[in-house]
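# dropping the sequence and predicted coords here.
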Number of protein chains: 2
Amino acid sequence: MPNGMEETVQQESDHREISVAEFFEKNKHLLGFENPQKSIITVIKEAIDNSLDACEEDDILPELHVLIDEIDDKKCRVEVRDNAIGLSRENIPKVFGKLLYGSKFHKLQQSRGQQGIGISASAMYAQLTTGEPVTVYSKQKGEPCHKFIVRIDTEKNEPEIIEDEVIEPGTDEFPGDKDYYFDHGTTIEMDIEAKYTKGHHSIRNYLKHTAVMNPYARIVLREPDGNKIEYPRVSKTLPDRPEEIKPHLHGVELGVVIRMMENSNARTVSSFLQKEFTRVGRTSAEEILDKADIDEGRRPNTLDKDEIEEILKAAENTNLQSPPTDCLSPIGEDLVLKGLKKELNPEFTTAITRKPTVYKGNPFQVEVGLAWGGDIKEDGSFDELRFANKVPLLYKKSACVTTKAIEEVDWSRYNISQTGGRPQGPLYILVHIASVWVPFTSEGKEAVANYDPIRKEMKLALQEAGRKLGRYIKRKQRAEIQEKKKRKLTSYAKEMGPAIADLAGEGDPAEIENLIQAMVEADYNPEQL
Amino acid sequence: MPNGMEETVQQESDHREISVAEFFEKNKHLLGFENPQKSIITVIKEAIDNSLDACEEDDILPELHVLIDEIDDKKCRVEVRDNAIGLSRENIPKVFGKLLYGSKFHKLQQSRGQQGIGISASAMYAQLTTGEPVTVYSKQKGEPCHKFIVRIDTEKNEPEIIEDEVIEPGTDEFPGDKDYYFDHGTTIEMDIEAKYTKGHHSIRNYLKHTAVMNPYARIVLREPDGNKIEYPRVSKTLPDRPEEIKPHLHGVELGVVIRMMENSNARTVSSFLQKEFTRVGRTSAEEILDKADIDEGRRPNTLDKDEIEEILKAAENTNLQSPPTDCLSPIGEDLVLKGLKKELNPEFTTAITRKPTVYKGNPFQVEVGLAWGGDIKEDGSFDELRFANKVPLLYKKSACVTTKAIEEVDWSRYNISQTGGRPQGPLYILVHIASVWVPFTSEGKEAVANYDPIRKEMKLALQEAGRKLGRYIKRKQRAEIQEKKKRKLTSYAKEMGPAIADLAGEGDPAEIENLIQAMVEADYNPEQL
């Protein structure tokens, strides 16, 4: 290698920092921006996630407007408006102009967003594909409406404010659909490379699924051709607000505890354990520290790595209660049924909300719904509605735990035919997982990882609901058979009735009717007549 | 919402920045750290990727040592040592102690690493699971050997130097296997939560696959029980070093060009286009700017967004040559064959290296190899060896374009039976994609996205190789049948020969032999005798 050292210098001067915005710009497919058709759904999804989270956080019944216009055959302008409490002026630029910034990442709490990437990545996608910055209007109650135009400085991952103004309500520039004046809320506008379509992977379908799982929201979509679709509110009751919880000692990594100890201002390691972790009271803390041979009065930041490791080992061997599960907020069986009925108009529905349980220290809860017949078309395999923390999952079905769970159920036991593990017929299967931390398989949050405890809960819920549907189908089949028999016997009786009456020596048609009914119920087979 | 505003304040004070290290610490499954068995493979893989890239960059025949010790039943100490040119002192802390830092991200060049995440993420995983920092020894030729102990400050994503010393060669602390003294190279040591196993998903198998695709490397593995496995070098020829290329105007995003223009110090937009993009000469630049109605003498940073968009539209309608493809460095048919023979000892091998082509503006090239029979066991379905830029892919097979390509081939045409699209028999299928930017489906770089041009190239290569294997199998089957017939006829002739000879009036055994051969070749069926 004659030129080795020269090249070293060359090579090493190339080493540099990569901003997280540059990283995701180049890897935008990891966030759901694979192609123009999917990208527009991703943008709408991220905006709606934020709006619904914000509304629920403040007990506001959500009212969302989604307006889409085609700029040309490759570009759309999208606008999403909500009636949440609005953002404070200081936060707006970073929320929309910086990746990995947010309020949800450091909390163990059930919410739609969890990473602080979604909406700023959408703004980055807009800027990348059309060169246009994002426009944000945000108004808090009793405050002026702020308008910001924000770019992302991709190389620094920092927002650049292009415009910062106050807009008067009632003026032309005040955003949104003029039919609805919101006293508080946020509106975002972006120009993106997009393809607006109407099939399975479409905004329409995404909003339809959203409406099923969020029946307390009212959503209005204005399509590019001006057509308006309303997804009406069918419940005025918001689900209980999910509570934030502390991590559990049985699911936490050593490195994380070391950092927590270093940063802690607790006076003793015992109070540190009680304050920072769920299900650790004074007695458990003492038991753990005793087993680990650590003086409970020591300051947390005086412990070294080995001592902290001993504490974790001791905790593993200490009986601690499972994390609390009342932190979860499923929508409940009633709302699942309402949602399914409203959007699908089926003939039969059933829903199961399982009790909460725990995977890797994280509480989670599963609910399922089945809808059968009615307006649901019978075209081979079932359709599905997958949700994670109330957010529809439209992509990566085959990689998702929901699919594995559905395929593990023996549907033939419930009078439903099955092909390759997949139930057939006019059937929608809804599966929802609610958790303080959903294990998604990618940043795009498109599929949930196939963890055993999660799949097991889903399977049990599907079996329970399947039994109910199976009974309905059986009853219906029986009723249909009886109806058919009755029709046959009736037409037969009309001809033969008089003869029978004569033979029986009396002519009362009501008695003949009773006779026929008795024959039907006795499973009498007319073919044998 | 009586407490609305109060809660706002609470909520918004929660908004904060999330460091990329915190993000990937919490989402470590996205990087390949799902469980202890997989994590140890990920750590070794990232270290080896870097070592092989560094060796090839400086035309050094790679010599790698992988040493694994079990600390207890949950932890291993891993050490990887190479003979590359070593890192300069200044770069060491950031390379190992900061995520998204590196020399490869901003280049369009075929390399194993491409993101600047892998090795620092491994160090982060070590720290998270065992609390231990990473130790790095690096020596450049004629320079002292530097030892660093580095932690990652996860909240800042910045390295923290714990130790920084110079180590004398020959002393006890000088790293590595004492049998081999490297005058230059890098050694890293980490303690990680790990499970060392020996099945399909194992270090052994990972190194075996690495050896197949990098036959010019010598790799030595010392397992926890002291057992040493050598993967010997079978070629002393390094493949051509891949060249860096510029992006192509037909595959570049508007937002990226806007940023390039802003940062450019080119004096005219014409020279900017020629300098920053491949396949743009003076004539093409003039044609594009003419169509876009932009004065070619303008400074790039004076153009606005709409003007730049016009330039890209004009470029789309201008005939530009495809990007150069000599930037790619496949290993070539000879080395594919050598690799397969060395590691599998099969009866038959064949290899195809396709010509380079382009997806989304990125040059790529496919090569495949088939190995059949010999030491390869026949146990149902084929085995596969998947590679991207010479790196083995052991996970996420079903999500990978290689699997789709294999299943699209009609193997029965090549005398290979097929079940569910998968060829059966004593068969290994090797598929390799080399590209300046491999479209992985996740940061863990475990599977390649199913893009049409890539799948098509793989299918064509597999068909070409399949035909050769099919001919071999057919010849072999025919030879086996002939051999069987010959044996039957010979044993028959031994009894009947004298009689035939008498009948023919002469007794020369050589003539009888000829007669039998003629019978065999005429497909004479001994059953009919």
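Structure's in. What do you need?

# got the phi and psi for A:Phe387?
For A:Phe387, the backbone dihedrals (degrees, to the nearest 10) come out as phi -140, psi 150.

# grab the nearest non-local neighbour of A:Lys468.
A:Thr350 (4.3 Å; Cβ to Cβ, 6 or more residues apart in numbering or on different chains). Backbone N, C-alpha and C define where each C-beta goes, glycine included.

# tell me how many other residues surround that neighbour.
Other residues lying near A:Thr350 total 21 when counted by other Cβ atoms under 10 Å in any protein chain shown.

# try A:Gln418
That count, for A:Gln418 with other Cβ under 10 Å as the rule, works out to 18.

# for the nearest residue to it once chain neighbours are set aside, what are its contacts?
Leaving out its chain neighbours, the residue that sits closest to A:Gln418 by Cβ to Cβ, 6+ apart is A:Trp411, at 4.8 Å. Taking Cβ atoms under 8 Å, 6 or more residues apart in numbering or on different chains as the contact definition, A:Trp411 lies against A:417-418, A:423, A:466.

# A:Pro242 against A:Gln109, yeah?
Yes. A:Pro242 lies in contact with A:Gln109 (Cβ atoms under 8 Å); the separation is 5.6 Å.

# overlap of the contact sets of these two?
With Cβ under 8 Å, 6+ apart as the test, A:Pro242 and A:Gln109 both reach A:327, A:436.

# relative to chain B, how far out is the residue nearest to A:Gln418?
Going from A:Trp411 to chain B by Cβ to the nearest Cβ, to the nearest Å gives 22 Å.

# same deal with A:Leu303?
Note on A:Leu303: its distance to chain B, by Cβ to the nearest Cβ, is 11 Å.

# could I get the phi/psi values of that residue?
Per degrees, to the nearest 10, the backbone of A:Leu303 is at phi -80, psi 140.

# and A:Val366, by the same measure?
Per-residue torsions, A:Val366: phi -120, psi 140 (degrees, to the nearest 10).

# ok now do the residue nearest to it when sequence neighbours are not counted, which residues does it touch?
Spatially, and ignoring its direct neighbours in sequence, A:Val366 is nearest to A:Glu457 (4.3 Å; Cβ to Cβ, 6+ apart). With contact set as Cβ under 8 Å, 6+ apart, A:Glu457 has these partners: A:354, A:357, A:364-366.

# show me which positions of stretch A:100-114 end up buried.
A:100-105, A:108-114 (16 or more other Cβ atoms under 10 Å in any protein chain shown).

# for the stretch 351-500 of chain A, which spans come out with low pLDDT?
Counting by pLDDT under 70, the ranges of the stretch 351-500 of chain A that qualify are A:491-500.

# A:Glu155 contacts A:Ser19, doesn't it?
Yes. Using Cβ under 8 Å, A:Glu155 makes contact with A:Ser19 at a distance of 5.7 Å.

# ok, the two, which is more surrounded?
Between A:Glu155 and A:Ser19, counted using other Cβ under 10 Å, the more crowded position is A:Ser19 (18 against 14).

# enumerate every residue touching the more buried one.
By Cβ under 8 Å, 6+ apart, the neighbours of A:Ser19 are A:154-157, B:100.

# now those in CSV, with distance to A:Lys28, secondary structure and pLDDT?
CSV is the format used below for these (distance: Cβ to Cβ, whole Å; DSSP: H, G, I helix; E, B strand; the rest coil; pLDDT from 0 to 100):
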residue, distance to A:Lys28, secondary structure, pLDDT
A:Thr154, 12, coil, 95
A:Glu155, 16, coil, 94
A:Lys156, 18, coil, 95
A:Asn157, 14, coil, 96
B:Leu100, 16, coil, 93
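
# with distance to B:Pro346 as added columns, please give those in TSV.
TSV is the format used below for the contacts of A:Ser19 (distance: Cβ to Cβ, whole Å):
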residue	distance to B:Pro346
A:Thr154	49
A:Glu155	50
A:Lys156	54
A:Asn157	51
B:Leu100	42
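
# ok, the residues you listed vs A:Thr268, which is closest?
B:Leu100 (38.2 Å; Cβ to Cβ).

# so A:Asn301 touches A:Met260, yeah?
No. With contact defined as Cβ under 8 Å, A:Asn301 does not count as touching A:Met260 (10.2 Å).

# ok, and of the buried residues of stretch A:100-114, which contact chain B?
Within the set of those, contact with chain B (Cβ under 8 Å from any Cβ of the partner chain) is found for A:100-103, A:105.

# including distance to B:Glu446 and secondary structure, could those residues go into TSV?
Listed next are those as TSV, based on distance: Cβ to Cβ, whole Å; DSSP: H, G, I helix; E, B strand; the rest coil:
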residue	distance to B:Glu446	secondary structure
A:Leu100	23	coil
A:Tyr101	29	strand
A:Gly102	28	strand
A:Ser103	32	coil
A:Phe105	25	coil
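
# tell me which stretches of the stretch 201-350 of chain A form helices.
Secondary structure of the stretch 201-350 of chain A (DSSP state H, counting those that start in this stretch): helices located at A:203-213, A:254-263, A:269-276, A:282-292, A:305-316, A:332-344.

# domain-wise, how is chain A divided?
The record, using automatic domain parsing to delimit domains, assigns chain A the ranges A:20-231, A:249-316, A:332-473, A:480-528.

# follow-up on the earlier one: winner for burial among the helices of the stretch 201-350 of chain A?
helix A:203-213 (a mean of 22; mean count of other Cβ atoms under 10 Å in any protein chain shown).

# with only the CA atoms kept, save stretch A:112-125 in PDB.
This file holds the C-alpha atoms of stretch A:112-125, laid out as PDB (Å, rounded to 0.1, in the frame of the first residue of the first chain):
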ATOM      1  CA  ARG A 112     -50.800   7.500  19.400                       C
ATOM      2  CA  GLY A 113     -47.500   9.300  18.900                       C
ATOM      3  CA  GLN A 114     -44.500   7.900  20.800                       C
ATOM      4  CA  GLN A 115     -41.400   9.000  19.000                       C
ATOM      5  CA  GLY A 116     -41.300  12.700  18.200                       C
ATOM      6  CA  ILE A 117     -40.600  12.000  14.500                       C
ATOM      7  CA  GLY A 118     -43.900  11.800  12.700                       C
ATOM      8  CA  ILE A 119     -45.100  15.300  12.000                       C
ATOM      9  CA  SER A 120     -41.700  16.900  11.600                       C
ATOM     10  CA  ALA A 121     -40.800  14.100   9.200                       C
ATOM     11  CA  SER A 122     -43.900  14.900   7.200                       C
ATOM     12  CA  ALA A 123     -42.700  18.500   7.000                       C
ATOM     13  CA  MET A 124     -39.300  17.300   5.900                       C
ATOM     14  CA  TYR A 125     -40.900  15.200   3.200                       C
END
